[in-house]
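Chemist: Any chance you can model this:
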Amino acid sequence: MTIMQITQDQLRDILSYDPRTGIFTWKKSGRSAGCKNSSGYIVIRIGNRPGKLLYAHRLAWLYMTGEWPTQEIDHIDRDRSNNKIDNLRQATVHQNRQNRPPRSDSSSGIRGVFQNKLSGSWRAKIAAGNKTKNLGSHIRFCEAIKARKAAEIALHGEFSPRAQ
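Modeler: Next comes the predicted model:
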């Protein structure tokens, strides 16, 4: 069976899935299925084909809905290994990118908020389509954060970052 040939019934024949914990177990052995890859996702090898690892979050979607996801699967809490069904949702590539943490080189720790080194003021910006929208210059850090959060909710709705 190839990746798209496995059905919900076939998956349920070989694996059990607990939607409350997000953990898969092999029905034959009762052992936990899968391991964490270098990107932090849980992957599971189904069948004997070497190199064919399937993402557990996509398998969870198939297991619970009966259909392969037609889009990307977003981990709402950003924890790539948390495959609880209530933590997963289908998302476009653009939507999925909205729910990511700040860059590692971020000086403020908040996406789209940075300090103007000359004036000391805080600036906020956000990407809207292919353009960057300036959200203003603020004397206080918390004001810049508020401007950024308001713009995230207005532009990205439920896909705006949860916690930064």
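Chemist: roughly how far is stretch 115-131 from the heart of the chain?
Modeler: Using CA atoms, centre = their mean, to the nearest Å, the mean C-alpha position of stretch 115-131 is found 25 Å from that of the whole chain.
Chemist: Distance check, residue 125 against residue 97.
Modeler: Look at residue 125 and residue 97: by CB to CB, to the nearest Å, they are 16 Å apart. (C-beta placed from N, C-alpha, C; glycine too.)
Chemist: These two: which has the busier surroundings?
Modeler: Taking other CB atoms under 10 Å, residue 125 and residue 97 do not tie; residue 125 has more neighbours (18 against 14).
Chemist: Quick one: residues contacting that one.
Modeler: When the contact criterion is CB atoms under 8 Å, 6 or more residues apart in numbering, the partners of residue 125 are 112, 132, 133, 134, 135, 148.
Chemist: hang on, it is in a strand, isn't it?
Modeler: Yes - assessed with DSSP: H, G, I helix; E, B strand; the rest coil, residue 125 lies in a strand.
Chemist: Return the set of residues that bridge with it.
Modeler: Beta-bridge pairing of residue 125 under DSSP bridges involves residue 134.
Chemist: Report the backbone C-alpha coordinates of the helix ranked longest in the chain in PDB.
Modeler: Scanning the chain for the helix with the most residues, using DSSP state H, yields helix 141-156. Coordinates of the C-alpha atoms in helix 141-156 are reproduced here as PDB (Å, rounded to 0.1, in the frame of the first residue of the first chain):
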ATOM      1  CA  PHE A 141       6.800  48.400  23.800                       C
ATOM      2  CA  CYS A 142       3.400  47.200  24.900                       C
ATOM      3  CA  GLU A 143       1.700  49.700  22.500                       C
ATOM      4  CA  ALA A 144       3.700  48.200  19.600                       C
ATOM      5  CA  ILE A 145       2.600  44.700  20.700                       C
ATOM      6  CA  LYS A 146      -1.000  45.800  20.900                       C
ATOM      7  CA  ALA A 147      -0.900  47.200  17.300                       C
ATOM      8  CA  ARG A 148       0.700  44.000  16.000                       C
ATOM      9  CA  LYS A 149      -1.800  41.700  17.800                       C
ATOM     10  CA  ALA A 150      -4.800  43.800  16.500                       C
ATOM     11  CA  ALA A 151      -3.400  43.600  13.000                       C
ATOM     12  CA  GLU A 152      -2.900  39.800  13.300                       C
ATOM     13  CA  ILE A 153      -6.400  39.200  14.400                       C
ATOM     14  CA  ALA A 154      -7.800  41.500  11.600                       C
ATOM     15  CA  LEU A 155      -5.700  39.900   8.900                       C
ATOM     16  CA  HIS A 156      -5.400  36.300  10.000                       C
END
